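Student: for reference, the sequence and a predicted model appear below.
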Amino acid sequence: MAMPSVIVASSKPLLFCLLAVPLVLLGVDVWREIVAPGSALGADPGEAVVHHLGTWGLRILLLTLAVSPASRLFRRPRLIRFRRMIGLWAFAYLVLHFTAYLYLLAGFELTNVIVRDIVKRPYITVGFAALLLLIPLAATSTRGWQRRLGRRWRTLHRLVYPAAIAAWVHLLWLSKGGFMDPFVYGLVLLFLFGERIAYSVRRRRAVAGDR
Amino acid sequence: MLIRRASDIKPSEITPEHIYRSRRHFMRDSLAVAAGAGAGTSALALPGSWLEARDVKPGEPIGEQMTSESNATSYNNFYEFGTDKTDPAEYAHEMTVDPWTVEVSGEVEKPGRIGLEDMLAGIDLEERIYRLRCVEAWSMVIPWIGFPVKKLLDKFKPTADAKYVEFKTLHRPSEMRGQRSFFSSIDWPYLEGLRLDEANHPLAIFAVGMYGKLLPNQNGAPIRLVVPWKYGFKSIKSIVSIRLTRRQPRNTWNDLQPSEYGFYANVNPEVDHPRWSQASERRFPTTLLRPNRIPTRMFNGYDEVASLYSGMDLAEHY
């Protein structure tokens, strides 16, 4: 299983850059759009930006959730060392997604649109809830917090499960008629949860067997 | 002005909007002069393969910025071609619109299946500049070319029992990829309906063109409904059947999600969609840094239709 050390050493920066690609591409389009309106982001540029950031935020969040199942399925426990970075990238995309919604769609009319949206539009409420759930996880993602919280850190970080479900419901509720995206992401989520349940059942049985 | 299929026109030939609009003003002004001279005829001629050269009465400006033609023809809901806003512009060319026949049936004295060209014989075309408010809370201002629905219905002589009109969109999965999609939850063909008195209201039109040209396929070629005081999904596209009925017909979005989409679907800022507010809308053109969010108006600003609904609880009949 030993890999050449160059690959091991460069894999993390490489992954970092890879996860930045959708953001960089969006940045290029945003720049083109500002220089020449209508040139890069279609008829509804604000919606396009918000949608792009939300889609990638969800994908990378699912990727975060895929790390530990992948480490078990492929028997590569060291994959876990990528998880924090992937999770923080997901958080970054989702914060930008929310910020873009505030500025580009809601027009930053705090009392008028946003408060009403968050309270009254269930899909925005549930999306906002997902983001709130992720804030303590991003804040306590450092080694220091991991040490300080000990066992409770693991418990706290299980909040990523409801957050992912809320993010998926957000996508489902904003869909109108076409359900391919929610269906595909739902399948992925189901698989990632299913693997975890199967794993914990196996482990419990193994522990019981040891006795 | 020559009217051609949008697909025949190179981007380089498209008149920039400010020129197009200034021409419109010129035409309106010259029309006023002509009318003053006692010769109130037209300014636009509209030839097409199925449409003889015709005069089109220019529309009245409404004092609001027009949505650009490129926005109106590239950002569409036409689920027959996919659920993304860009799908119709990408795939609607796969639909054959010539020849085109429409079946008129039900409570009419002269039912029949008739070619579009014959159906439109003797009907004058006019331009109508209308706001279009989508149920998804965005809106456009579009110069349609068409004629009042009533003019066509009268040709077929609705009987005294006719109370509603049902419209049906083309169902041709071989040319409409959204109808083939496994993930579509819609029971094709797309259906819409109006009460007969709504259909007969002078504001309700059938459109065959927009921006001085024939309708592009993605906007519902060759003939579509435009009911400007209702949410956009009522303005059914690519119509192949018109049926006069005694009872309220089904309509597709109501079938799909009755708690969210009603039969009436009048634009109403007071009645929110269960999942989002209808109090405001984003008006195209929007730019990245200026969402152009404006308040939504009752009946989309067409107060003259209010009498159609006097005594009705519009929160109940949404």
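Tutor: Here it is on my side, so go on.

Student: and the helix or strand of chain A with the lowest mean pLDDT, what does it pack onto?
Tutor: In chain A, no helix or strand scores lower on mean pLDDT, DSSP states H and E than helix A:116-120, which sits at a mean of 71. Using 3 or more Cβ pairs under 8 Å, 6 or more residues apart in numbering or on different chains; DSSP states H and E as the contact test, the elements touching helix A:116-120 are helix A:122-139. Placement of C-beta: from N, CA and C, glycine included.

Student: which parts of chain A are helices?
Tutor: Per DSSP state H, chain A carries helices over the ranges A:5-35, A:45-73, A:83-100, A:116-120, A:122-139, A:143-149, A:151-156, A:160-174, A:180-210.

Student: could you tell me the least trusted of those?
Tutor: If the helices of chain A are sorted by mean pLDDT, helix A:116-120 sits at the bottom with a mean of 71.

Student: which residues are contacting that one?
Tutor: Outside helix A:116-120, the residues that touch it by Cβ atoms under 8 Å, 6 or more residues apart in numbering or on different chains are A:Ala106, A:Ile124, A:Thr125, A:Phe128, B:Asp272, B:Trp276, B:Ser277, B:Ala279.

Student: swap in stretch B:249-258?
Tutor: With Cβ under 8 Å, 6+ apart as the criterion, stretch B:249-258 contacts A:177, B:135, B:164-166, B:185-187, B:190-193, B:233-234, B:243, B:260-263, B:265.

Student: remind me which helix or strand the residue in the stretch 51-200 of chain B positioned nearest to chain A belongs to.
Tutor: Sorted by distance to chain A under Cβ to the nearest Cβ, the residues of the stretch 51-200 of chain B start with B:Thr83, at 2.8 Å. Of the helices and strands defined by DSSP states H and E, none includes B:Thr83.

Student: and for the closest residue to it other than its chain neighbours, the neighbour number?
Tutor: Sequence neighbours aside, A:Gly178 is the residue nearest to B:Thr83 in space, at 2.8 Å (criterion: Cβ to Cβ, 6 or more residues apart in numbering or on different chains). Counted with other Cβ atoms under 10 Å in any protein chain shown, residues neighbouring A:Gly178 total 19.

Student: quick one: A:Gly178 from B:Leu256, how far?
Tutor: A:Gly178 sits 12 Å away from B:Leu256 when distances are taken as Cβ to Cβ, to the nearest Å.

Student: follow-up on the earlier one: burial check on the residue of the stretch 51-200 of chain B closest to chain A, number of neighbours?
Tutor: Based on other Cβ under 10 Å, the number of other residues close to B:Thr83 is 22.

Student: looking at it, B:Tyr309 is touching B:Asn266, isn't it?
Tutor: Yes - contact criterion Cβ atoms under 8 Å: B:Tyr309 and B:Asn266 qualify, at 7.0 Å.

Student: of the two, which one has the most company?
Tutor: B:Asn266 (24 against 16).

Student: hey, what's the more buried one bridged with?
Tutor: Beta bridges link B:Asn266 to B:Lys230, judged by DSSP bridges.

Student: returning to what we had before: quickly list what the residue nearest to B:Thr83 is bridged to.
Tutor: Note on A:Gly178: beta-bridge partners by DSSP bridges are B:Ser184.

Student: distance of it from B:Thr159?
Tutor: The gap separating A:Gly178 from B:Thr159 is 40 Å, by Cβ to Cβ.

Student: ok, A:Pro122 next?
Tutor: Using Cβ to Cβ, one gets 46 Å for the distance from A:Pro122 to B:Thr159.

Student: who has more neighbours out of the two?
Tutor: Regarding A:Pro122 and B:Thr159, a neighbour count based on other Cβ under 10 Å identifies A:Pro122 as having more, with 15 against 12.

Student: make a markdown table out of the helices of chain A and add distance to B:Pro58.
Tutor: Shown next, in a markdown table, are these (distance: least, Cβ to Cβ, whole Å):
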| stretch | distance to B:Pro58 |
| --- | --- |
| helix A:5-35 | 34 |
| helix A:45-73 | 31 |
| helix A:83-100 | 40 |
| helix A:116-120 | 40 |
| helix A:122-139 | 42 |
| helix A:143-149 | 69 |
| helix A:151-156 | 66 |
| helix A:160-174 | 40 |
| helix A:180-210 | 43 |
